[in-house]
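Asks: the sequence isn't on hand, but the structure is:
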């Protein structure tokens, strides 16, 4: 689903901000100019649109492109 929410994320080596461009029950795409390694664990914090409820999710970077990262959620 197309999206457009700000996100703060952290890997073992860096903390940064990006924009969520797509989200589903399985994962999301975060637009960011920073390069990241596929397989890195990531923690993401963001608010749903029109809500003050902050979500804190864990995931794994499944794809890295010039425009951002694809994250698969880890539900454990």
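Replies: Noted; the coordinates are in hand. Note that the coordinates shown come from a computational prediction; the quantities given were computed from them, not determined experimentally.
Asks: list the buried residues of the helix or strand of the chain with the lowest mean pLDDT.
Replies: Ranked by mean pLDDT, DSSP states H and E, the weakest helix or strand in the chain is strand 2-10, scoring a mean of 90. Across strand 2-10, burial judged by 16 or more other Cβ atoms under 10 Å covers 3, 5, 7, 9. All C-beta atoms are positioned from the backbone trio N, CA, C, and that covers glycine.
Asks: do stretch 23-33 as well
Replies: Quick answer for stretch 23-33 (16+ other Cβ under 10 Å): 23, 27, 28, 29, 30, 32.
Asks: mean confidence score for that stretch?
Replies: Summarised as a single mean, pLDDT over stretch 23-33 is 95.
Asks: contacts for stretch 21-32 next, please.
Replies: Identification of contacts with stretch 21-32 by Cβ atoms under 8 Å, 6 or more residues apart in numbering yields 1-4, 7, 9, 16-20, 44, 59, 62, 67-73.
Asks: which residue is nearest the middle of this structure?
Replies: residue 30 (4.7 Å; Cα atoms, centre = their mean).
Asks: does residue 35 count as helix, strand or coil?
Replies: Assigned with DSSP: H, G, I helix; E, B strand; the rest coil, residue 35 falls in the coil class.
Asks: shift numbering so it begins at 44
Replies: All set: I'll call the first residue 44, so the last point we hit is now residue 78.
Asks: what's the nearest residue to it if we skip its chain neighbours?
Replies: Spatial nearest neighbour of residue 78, chain neighbours left out: residue 107 (6.6 Å); criterion: Cβ to Cβ, 6 or more residues apart in numbering.
Asks: next: residue 84.
Replies: Using Cβ to Cβ, 6+ apart, the closest residue to residue 84 is residue 103 (5.9 Å).
Asks: cool, residue 60 as well?
Replies: Going by Cβ to Cβ, 6+ apart, residue 60 has residue 51 as its nearest residue, at 5.4 Å.
Asks: tell me the bridge partners for the one you found.
Replies: residue 60, residue 88 (DSSP bridges).
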